[in-house]
Structures are given as C-alpha cells and as structure tokens.
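1. Have a look; sequence and predicted model below, questions after that.
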Amino acid sequence: MHAAIAGAGLMGRLMAWRLLRAGWRVSLFERDPEGTQSAAHGAEGSAAAYTAAGMLAPWAEVEAAEALVHRLGLRSLALWPVLAAELGADLDLHDCGTVVVAHAGDRADYRRFAGTLAAKLPGPQHWRALDAAALGVLEPELAGRFQEGLHLPGEAWLNPLEVMAALGAALRAGGAVWHQGAAVDAVGPGYLVSGGTRHGCDWAFDCRGLGARADLPRLRGVRGEVIWLHAPAVKLRHVVRLMHPRYRLYLVPRRDHGFVIGATQIESDDTGPITVRSSLELLSAVYSLHDGFAEARVIETRANCRPAFDDNLPRVFTAPGLVRINGLFRHGFLLAPALAEAVAAWLVEPATSPCPELFAPESPVMELQS
C-alpha cells in the first residue's frame with residue numbers, strides 16, 4: 001500500500017512512522033524548504049510542534065479538557081517510551097511528574113484546580129497534596145517559596161525538537177520519500193496535488209493542521225507563545241505549573257540548564273513574533289517562581305498557532321482512500337501517538353478501532369452545518 005501524507009509536522013511524521021513499520025510505502029509532502037533554521041536550535045520548520053513544550057500531562061489537563069483527551073493522553077504516555085526505543089533515539093524523556101504551585105494572590109485558582117482534580121480523578125494515586133515541607137523535599141529549588149503544592153507523579157515531558165529530528169531521520173532511513181518545499185494544494189480520496197502535479201496513492205492522509213482549513217471550515221487557530229531560557233543558577237527537576245490570573249503557566253526543564261516557559265493561549269491566527277505583554281508576563285512569572293532566573297539568558301522566543309475545532313477535541317474524517325486528522329489544539333504531543341495508533345487500527349479493521357468516537361465520514365458541508 002502507498003500512503004501520501006500532506007504535512008510533516010508531528011502528526012504527519014508519527015502517522016508515516018506507523019505506516020512505514022506496517023510495510024507501507026510512504027511519501028511525505030512538506031511545505032517548508034530544506035534547511036529552515038532556528039536561531040537557537042538549528043534546522044527546524046514552521047509546524048506547531050516546533051513551538052511546543054512537549055508536556056505529557058493527562059492528569060493536569062483534566063481540569064479544562066474533555067475525558068477523551070485524558071484517555072488518549074494516558075495511551076500516548078505509554079506509547080512514547082516505545083516510540084523512543086523504536087527510533088533508537090535519546091529523546092530526553094523524563095517521567096518524574098508535574099508540580100503545581102500558586103502565589104498567595106492566586107490561591108483561589110489553586111484551590112479550584114485542586115478541587116477539580118479531586119472530583120474528576122478517583123483515588124489519591126494520581127496526585128497528592130504537599131505542604132511547604134513536603135514540597136521542599138520533592139523539589140528543593142522551591143523550598144521556602146510556596147506554602148503548598150500538588151504533585152502529579154505520573155506525568156512526563158520530552159524535547160519536541162529532538163523528537164522531530166529523530167522521526168525525520170528514522171523516516172528517511174526507512175525509505176520514506178520526502179518532498180520538501182512542496183506546498184499541498186489539495187488532498188482527496190487516493191490523490192494529493194502539490195505544485196500543480198497530481199500524485200496518486202492508495203490512501204491520502206491530510207495532516208496539515210491549519211493548512212487544511214479550506215477542507216475543514218470550522219478549524220480555527222489558537223496562538224501560543226514560548227520563551228527558551230538558559231539559567232545555570234536554577235536546578236528545577238520537575239515541570240512546574242504556576243497559577244496565573246489569565247492562563248496556566250508552565251516551566252519545562254531541558255538539558256544543560258535550559259528551560260521553556262509558555263502557555264499563552266490567544267484566540268488568534270497571528271503567527272508573528274511574541275508580544276510585549278506576553279514577554280513581560282512570562283518573564284515576570286518565571287522570576288517570581290525562582291529568583292535564579294534573574295540572570296538567565298533569553299535564548300529564543302517563538303509564537304505559532306495550533307489547529308483547533310470549537311470544542312478543542314481532535315477529529316478524524318474518513319472516506320475511501322482518504323483520512324484527515326486535525327484539531328489537536330495544544331495537546332499535540334499528548335494526543336498524536338494515540339491518534340496514529342487509532343488510525344492505523346482503523347485502516348486494518350474499522351470495527352476494532354480503540355476510539356471509534358474519533359471517526360466521522362468525510363463531508364465538509366456536514367462539518368459546516370453541524
């Protein structure tokens with residue numbers, strides 16, 4: 001079987017990897033030209049995955065996300081170590097969990113968050129409340145800074161840039177045909193059009209994110225902004241989520257005293273540079289978390305838009321010879337492995353798909369009216 005995949009972001013690469021390992025021939029069509037550069041991190045691209053923090057947080061997302069996101073997230077959490085082994089790559093995967101804290105002025109939000117977790121997550125094994133002493137033992141860098149916290153021990157994180165590079169290298173080594181600088185004009189049952197040329201295939205997979213809005217009119221962009229920091233004076237060992245009046249801030253450790261801070265969630269299609277307001281809020285928040293960030297170096301800032309439907313849930317639209325996967329919102333790394341697995345199972349036998357509620361018949365008109 002031959003698959004033509006539009007979009008070589010995270011979803012496109014994971015779908016390609018699944019199919020390649022199942023014996024398919026795979027052609028990937030990527031709009032970014034070869035050699036797209038980031039000032040801090042080398043060759044990259046414009047996919048939303050390059051702006052992600054790589055958190056695998058199915059329990060923390062319970063507060064705001066639907067049960068389907070939690071269920072898919074749990075499956076992806078189990079799949080990422082398997083994928084790392086398959087790729088033979090050191091993906092800087094950590095699984096020591098998330099710490100949630102709040103300053104005194106945001107204590108009400110913290111209490112509500114903790115109450116939601118208690119209501120939605122049966123049993124205490126998924127999270128535990130920490131007093132100041134226990135918080136200092138778990139995360140010494142926060143000792144004396146907060147009076148209480150929550151620990152979500154099952155959560156993990158990885159480095160998206162390493163994941164994308166490892167997937168790209170493995171796909172090329174495995175024989176996938178990569179068309180770079182090839183914008184996709186149309187995707188339909190058994191074909192893909194790029195640069196005015198029609199490419200036939202057995203199955204076409206549309207993984208273009210916001211690039212697919214002509215076919216999925218209800219898709220919208222949700223802007224996110226992140227800042228990469230180098231902070232030798234900070235030795236945080238966990239992902240830290242900090243309550244904030246406007247959104248949930250996160251700080252994710254990287255190798256060699258690197259950190260990513262982000263979580264701005266703005267209803268906008270703008271992919272321009274980070275704004276002054278967001279920069280001030282993110283940097284002020286990270287300094288309030290740990291004064292060791294005072295002398296941290298700002299390595300890079302980045303903004304991008306994540307594809308989402310009105311309910312922020314993913315969708316898989318299907319027709320004979322065609323699959324469209326979209327709407328991963330800000331949960332790309334949390335959902336993509338489980339979605340690729342579900343689609344691969346559906347291709348073999350639709351009745352055995354682990355998530356049948358994901359799938360809908362391909363019909364852009366229906367999508368507009370529903």
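-> In hand now; what should we look at? Residues are numbered from 1 along each chain as shown.

2. quick one, strands of the stretch 251-370 of the chain?
-> Counting by DSSP state E, counting those that start in this stretch, the stretch 251-370 of the chain has these strands, from start to end: 258-262, 297-308, 315-319, 322-326, 359-361.

3. For the shortest one, which helices and strands make contact with it?
-> To tie it back to what came earlier, the one meant is strand 359-361. Contact partners of strand 359-361 among helices and strands, from 3 or more CB pairs under 8 Å, 6 or more residues apart in numbering; DSSP states H and E: strand 315-319. In short, each C-beta sits where N, CA and C put it, glycine included.

4. Save the strands of the stretch 251-370 of the chain as a markdown table, and put in mean neighbour count too.
-> A markdown table is the format used below for the strands of the stretch 251-370 of the chain (neighbours: other CB atoms under 10 Å):
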| stretch | mean neighbour count |
| --- | --- |
| strand 258-262 | 23 |
| strand 297-308 | 19 |
| strand 315-319 | 19 |
| strand 322-326 | 24 |
| strand 359-361 | 13 |
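
5. a markdown table for the ones you listed, including mean pLDDT and distance to residue 32?
-> Below are the strands of the stretch 251-370 of the chain laid out as a markdown table (pLDDT from 0 to 100; distance: least, CB to CB, whole Å):
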| stretch | mean pLDDT | distance to residue 32 |
| --- | --- | --- |
| strand 258-262 | 95 | 21 |
| strand 297-308 | 95 | 13 |
| strand 315-319 | 94 | 24 |
| strand 322-326 | 97 | 18 |
| strand 359-361 | 81 | 29 |
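
6. wait, which of those is closest to residue 230?
-> For residue 230, the closest of those is strand 297-308, at 4.5 Å, according to CB to CB.

7. tell me the angle the closest one makes with strand 258-262.
-> 40 degrees (axes from the mean of the first three to the mean of the last three CA atoms, to 10 degrees).

8. what comes into contact with strand 297-308?
-> 38-41, 46, 48, 50-51, 209-210, 212, 219-231, 258, 268-274, 279, 283, 326-330, 332 (CB atoms under 8 Å, 6 or more residues apart in numbering).

9. Repeat the analysis, applying 7 Å as the threshold.
-> 38-40, 48, 51, 209-210, 219-230, 269, 271-274, 279, 326-330 (CB atoms under 7 Å, 6 or more residues apart in numbering).

10. can you check stretch 105-121 too?
-> 59, 62-63, 100, 102, 127, 129, 150, 243-245.

11. coming back round to it: of all the strands of the stretch 251-370 of the chain, which one is nearest residue 2?
-> Here strand 322-326 is closest among those (CB to CB), at 13.6 Å.

12. send the alpha carbons of the closest one over as CSV?
-> Coordinates of each C-alpha in strand 322-326 appear next as CSV, following Å, rounded to 0.1, in the frame of the first residue of the first chain:
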residue,chain,number,x,y,z
LEU,A,322,-8.8,9.5,2.4
VAL,A,323,-8.1,10.3,6.1
ARG,A,324,-8.0,13.8,7.6
ILE,A,325,-6.5,14.1,11.1
ASN,A,326,-6.8,17.5,12.7
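
13. Identify those among the contacts of stretch 105-121 that sit within strands.
-> 100, 129, 150 (DSSP state E).

14. For the residues you listed, could you give me JSON lines that also reports pLDDT, neighbour count and distance to residue 292?
-> Shown next, in JSON lines, are the ones in strands among the contacts of stretch 105-121 (pLDDT from 0 to 100; neighbours: other CB atoms under 10 Å; distance: CB to CB, whole Å):
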{"residue": "100", "pLDDT": "96", "neighbour count": "27", "distance to residue 292": "20"}
{"residue": "129", "pLDDT": "93", "neighbour count": "15", "distance to residue 292": "26"}
{"residue": "150", "pLDDT": "96", "neighbour count": "22", "distance to residue 292": "22"}
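
15. Tell me where the model's unsure across the stretch 1-150 of the chain.
-> For the stretch 1-150 of the chain, the stretches flagged by pLDDT under 70 are 34-44, 123-124.
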